[in-house]
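**Q** with the input below, show me the fold.
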Amino acid sequence: MVSIIDRLFGNKKVQTSVKKVTITSINLKFMGNSHGLAGMEVSEPVFELRIPFQNKMGSNLLPDNLKGPKIVLSSVTVGSPFRLVDISPKLPVEVPYMSKTMFTLKIAAPDVTWEGPLSINFGNESANNVTISIKKVTLHHGDKSIELEDSGVTTSMQKSQLFKQNLQIYKVLSLGDTVNKIEVSAPFEIVSTDPKLPIKADKKDSYIISLYMKCPEFSYAGDLDIRFS
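**A** Model (predicted):
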C-alpha cells in the first residue's frame, strides 16, 4: 500500500520502525485452557504471527468410537498494548474434531519501548456445546474416600455427550472386594462400564475400569464423586 507521504515525496522510501519491543512469551487462552508459545523480538510496526489451532476438546475423555464436538471460533482478541489488524482465515471458522487450522494474525506493536507477555484469546460459539470443569474426582467405598491426584479437567462437550473416565479401582477397593453398583454425583449419569458390573477386584496387579458417563445439558463447574457399593 502506498501511503500519502510516499506520494508526496515521489515514492521515496520512508523509514518506519518501532521502539524496542520484546515479547517474553505468548499466552494463548481458550475456554479456560492456556497454552504458551516462545517469545520474540519485534522490529516492525506490524508483525505477523502464525498460530496452529487443533480441536482436541474432550479427546482425553472420549471413548475411541465417539467424536468430540466441532468448534466454531468466532472471535480473536489480543491484549493491550498490542492491536489486532487482520486475521486469516476470516472469522467465524469451523474446526471439526481433531482437525487443525493455521491462523495468521497481523498485529500492531506498541510504538514505545516495551517488554512483557502477549495475550491472545480465542472465543467460540455453539448452542449445542457446554463447558465441563471438574475440579477434582473423589472415589468412595464404604467409609473410605480417596481424592485422585491431578484429576481436574476443563473441556467442551456437546450436550448429553458421553465421556470416559478411567479408574484404578485399587485406589479405593481391596483385593477380593466386589462392586455391584457404581453411582456418580449429579448432574452426571453413568451409562455403561467396562468391564460390566458386577466387578470383582480379583487381580493382584493394576485393575483399570472405564466409566462411560453422560454430561449434563448445561455447563457445570464442581466436583465429581464416584461411589462403589
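**Q** contact partners of the strand ranked longest in the chain?
**A** In the chain, ranked by residue count with DSSP state E as the criterion, the top strand is strand 129-141. When contacts are defined by Cβ atoms under 8 Å, 6 or more residues apart in numbering, strand 129-141 is touched by residues 31-32, 69, 71, 145-148, 151-159, 163, 165, 167, 171-173, 177, 215-229. To be clear about C-beta, it is placed using only N, CA and C from the backbone, and glycine gets the same treatment.
**Q** drop anything exposed from these.
**A** 69, 71, 148, 153, 155-159, 163, 165, 167, 172-173, 177, 215, 220, 224-228 (16 or more other Cβ atoms under 10 Å).
**Q** quick revisit: next helix or strand past the longest strand of the chain?
**A** Per DSSP states H and E, the first helix or strand lying C-terminal to strand 129-141 is strand 144-147.
**Q** tell me the angle of the helix or strand just after that following strand relative to strand 129-141?
**A** The C-terminal neighbour of strand 144-147 among helices and strands, as given by DSSP H and E, is strand 153-158. Counting by axes from the mean of the first three to the mean of the last three Cα atoms, to 10 degrees, strand 153-158 lies at 130 degrees to strand 129-141.
**Q** and the next helix or strand after strand 153-158, C-alpha only, in PDB?
**A** Going down the chain from strand 153-158, the next helix or strand is strand 162-168, by DSSP H and E. What follows is strand 162-168 as a C-alpha-only set of coordinates in PDB (Å, rounded to 0.1, in the frame of the first residue of the first chain):
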ATOM      1  CA  LEU A 162     -20.800 -39.500  26.600                       C
ATOM      2  CA  PHE A 163     -17.300 -39.200  28.000                       C
ATOM      3  CA  LYS A 164     -15.000 -41.800  29.500                       C
ATOM      4  CA  GLN A 165     -13.300 -41.800  33.000                       C
ATOM      5  CA  ASN A 166     -10.700 -44.500  33.600                       C
ATOM      6  CA  LEU A 167     -10.200 -45.500  37.200                       C
ATOM      7  CA  GLN A 168      -7.700 -47.700  39.100                       C
END
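**Q** and residue 94, how many residues sit next to it?
**A** By other Cβ atoms under 10 Å, 13 other residues sit near residue 94.
**Q** pLDDT below threshold where in the protein?
**A** For the chain, the stretches with pLDDT under 70 are 1-18, 31-32, 57-69, 125-128.
**Q** for residue 51, see how far away residue 103 is.
**A** 5 Å (Cβ to Cβ, to the nearest Å).
**Q** next: residue 80.
**A** In terms of Cβ to Cβ, residue 80 sits 19 Å off from residue 51.
**Q** in contact with the residue nearest to the spatial centre of the chain, which residues?
**A** Centroid-nearest residue in the chain, with Cα atoms, centre = their mean: residue 33, separated by 4.4 Å. Going by Cβ under 8 Å, 6+ apart, residue 33 touches residue 154.
**Q** redo that, cut-off 10 Å
**A** Residue 33 sits next to 56-57, 122, 153-156 when contact means Cβ atoms under 10 Å, 6 or more residues apart in numbering.
**Q** ok, now residue 102?
**A** Per Cβ under 10 Å, 6+ apart, neighbours of residue 102: 50-53, 88-89.
**Q** bridging residues for it?
**A** residue 52 (DSSP bridges).
**Q** where along this protein do the helices fall?
**A** Assigned by DSSP state H, the helices in the chain fall at 4-8.
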